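**Student:** Give me the fold of what follows.
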Amino acid sequence: MARPTPSLAPDYAAWSNLWFDGWTLWWDAAAVMWLRSARMAGGGPLAAREGQRMVAEKAAANAELAALLLTGGLTSPQAAATTAVRTYGRTVRANRRRLEG
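**Tutor:** Now for the predicted structure:
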């Protein structure tokens, strides 16, 4: 019995979802940058905490993705992009909700 050949056709639905998720991340990130800039322009302890939080979140997200990369968790370019958008998107959406509230 012949083994089935894996499909080499691109997964258009997955790439379309990635495109939409990336666009949504871009939109949310722009909103977060504006909201954070407004908060930090006010100065004071709240602005200082926001700056510290911003740096800590970026370091944590980068460490999470680096660990996946080093352990082989990102098996393809599509998997890497999807994981990066999902990882950053989770934090960005949470920040947008927090800063808008």
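
**Student:** If we go by neighbour counts, what in the helix of greatest length in the chain is buried?
**Tutor:** Criterion DSSP state H: the longest helix present in the chain is helix 12-41. By neighbour count on 16 or more other C-beta atoms under 10 Å, the buried set for helix 12-41 is 18, 22, 25, 28-29, 31-32, 35-36, 39-40. C-beta coordinates here come from the backbone N, C-alpha and C atoms, glycine included.

**Student:** what's the closest of the residues you listed to Ala48?
**Tutor:** Proximity of these to Ala48 (C-beta to C-beta) peaks at Met40, which lies at 8.6 Å.

**Student:** Remind me what the host helix or strand of Asn62 packs against, helices and strands.
**Tutor:** Asn62 is part of helix 44-70, with elements assigned from DSSP states H and E. Judged by 3 or more C-beta pairs under 8 Å, 6 or more residues apart in numbering; DSSP states H and E, helix 44-70 is in contact with helix 12-41, helix 77-100.

**Student:** Distance to Ala66 for these - can I get that in JSON lines?
**Tutor:** Formatted as JSON lines, the helices and strands packed on helix 44-70 follow (distance: least, C-beta to C-beta, whole Å):
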{"stretch": "helix 12-41", "distance to Ala66": "19"}
{"stretch": "helix 77-100", "distance to Ala66": "11"}
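
**Student:** Perfect, I'm done here.
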